[in-house]
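Novice: generate a structure from the sequence data that follows.
(2 chains)
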Amino acid sequence: MTEAAAPAVDRWSGGTCPFGAGWRKVMMWWFIVTDGLLFAGFLASYGYSRILAFDWPDQSQVFSLRDIAAMTFVLISSSATMASAVLAAREGHRQAALRFVLLTAAGGAVFLGMQAGEWTHLIREGARLSANPWGEAAFGAYFFLLTGFHGTHVLTGAIILLVTAIRLAGGRATPEGVEMAGLYWHFVDLVWVFIFTLFYLL
Amino acid sequence: MRLYWATWGILLLVTLLMVWADGAALPRTALVAIMLAAMLAKASFIGANFMHLRHESPWIAATVVVGLLGTGAVLYALIAPDAVRIHAMMGAR
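Specialist: Down below sits the predicted model:
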């Protein structure tokens, strides 16, 4: 057997993960891919309806781009604090990791508050699942569906982060556990990158 | 940790570029191209640096890229032509 072939056989003959990572990380990535496919389906459906529509509202007339950009800034910053938390946990700096995790959770809470404010504003203007005052009826449905599902993921992520923080404070969290929470949080940020671009800007 | 905050800065700059482009009255094709490129650039930075995909096995990276982006692109490519056709038919009536 050649040297190049031997590692390939070892990788796939059992006893080790062929993806070169622990089972927790591989399964978290598989979850991220499947959950991402949910949003891919929503966004593809939104794209279809958008092309079909004759009267899709001008987003600049409906949303305050400054507020949406601020929400994006908050989520990006929370991703940076989460990455810092993962690094601190890996280096054994438990207090620093705890601080960064709490900062990340706070960022998530601020984002959710801003999202709630946006929903309140649109509902007061007359936006519903089946109608809205600006144009195509599906606009309201897609807005609430996309931001609602994303917001639910942010809320879930914030809860996961609070649990991680409690475990860190009690000295029970592992660096891998913090990393798994981090992967989920970055996924939530990643989805927002697509929603922000495809729904709010284009 | 410097890498993370440098990535944060780059993501912020790209976001500001996207906001500027949105208000700059660019031709639609150019606007779409800039937005899609910026979106994919941001996604790449988040995946590579924050999620450490650059340090993972190429198999994981390929699963994520093909599984998510590839499937999403195929989904859209399969249904978009129908939407264009139906839109044209409805507009002709």
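Novice: what about the helices in chain A?
Specialist: For chain A, applying DSSP state H gives helices covering A:5-12, A:23-52, A:59-62, A:65-90, A:94-125, A:138-169, A:175-195.
Novice: please apply the same query to chain B.
Specialist: So, for chain B - with DSSP H - the helices run B:2-23, B:28-45, B:58-64, B:71-92.
Novice: low-confidence regions, the chain specifically.
Specialist: Reading this off chain A. Judged by pLDDT under 70, chain A has its weakly predicted residues at A:1-12.
Novice: nope, chain B please
Specialist: Along chain B, the model assigns pLDDT under 70 to residues B:93.
Novice: how is it carved up into domains?
Specialist: With domains defined by automatic domain parsing, chain B comprises B:1-55, B:57-93.
Novice: most packed of the ones you listed?
Specialist: Mean neighbour counts were taken over the domains of chain B using mean count of other Cβ atoms under 10 Å in any protein chain shown, and the top value, a mean of 16, falls to domain B:1-55. C-beta coordinates here come from the backbone N, C-alpha and C atoms, glycine included.
Novice: residues contacting residue 17?
Specialist: No chain was given, so I picked chain A. Contacts of residue A:17 were listed using Cβ atoms under 8 Å, 6 or more residues apart in numbering or on different chains, and they are A:23, A:26.
Novice: meant chain B, my bad for not saying
Specialist: B:34, B:38.
Novice: residue B:72 too?
Specialist: Taking Cβ under 8 Å, 6+ apart as the test, what residue B:72 contacts is A:37, A:40, A:43, A:44.
Novice: compile those residues into JSON lines and extend it with columns for distance to residue A:67.
Specialist: As requested, the contacts of residue B:72 are exported to JSON lines (distance: Cβ to Cβ, whole Å):
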{"residue": "A:37", "distance to residue A:67": "29"}
{"residue": "A:40", "distance to residue A:67": "26"}
{"residue": "A:43", "distance to residue A:67": "21"}
{"residue": "A:44", "distance to residue A:67": "27"}
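Novice: show the buried residues in the residues you listed.
Specialist: When burial is judged by neighbour count using 16 or more other Cβ atoms under 10 Å in any protein chain shown, the buried members of these are A:40, A:43, A:44.
Novice: rebuild these as CSV, extending it with distance to chain B.
Specialist: Formatted as CSV, the buried ones among the contacts of residue B:72 follow (distance: Cβ to the nearest Cβ, whole Å):
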residue, distance to chain B
A:40, 4
A:43, 7
A:44, 4
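Novice: and those residues, which is closest to residue B:88?
Specialist: Minimum distance to residue B:88 across the buried ones among the contacts of residue B:72 is 19.8 Å, recorded for residue A:44 (Cβ to Cβ).
Novice: so what's the closest one closest to, chain neighbours aside?
Specialist: Nearest residue to residue A:44, sequence neighbours excluded (Cβ to Cβ, 6 or more residues apart in numbering or on different chains): residue B:75, at 4.0 Å.
Novice: that neighbour against residue A:48, yeah?
Specialist: No - contact status for residue B:75 versus residue A:48: not in contact, 9.4 Å apart, counting by Cβ atoms under 8 Å.
Novice: ok, the closest residue to residue A:147 other than its chain neighbours to residue B:36 distance?
Specialist: When the adjacent residues along the chain are set aside, residue A:147 lies closest to residue A:115, with 6.2 Å between them (Cβ to Cβ, 6+ apart). Using Cβ to Cβ, to the nearest Å, we find residue A:115 at a distance of 24 Å from residue B:36.
Novice: same question, residue A:14
Specialist: When residue A:14 is compared with residue B:36 (using Cβ to Cβ), they lie 42 Å apart.
Novice: for residue B:66, what are its contacts?
Specialist: Residues near residue B:66 by Cβ under 8 Å, 6+ apart: none.
Novice: try 10 Å this time
Specialist: For residue B:66, the contacting residues are A:33, B:73, B:74, by Cβ atoms under 10 Å, 6 or more residues apart in numbering or on different chains.
Novice: swap in residue A:188?
Specialist: A:32, A:35, A:75, A:78-79, A:82, A:108, A:111, A:150-151, A:153-158.
Novice: could you redo the last one with a cut-off of 8 Å?
Specialist: By Cβ under 8 Å, 6+ apart, the contact set of residue A:188 is A:75, A:150, A:153, A:154, A:157.
Novice: alright, that wraps it up for me.
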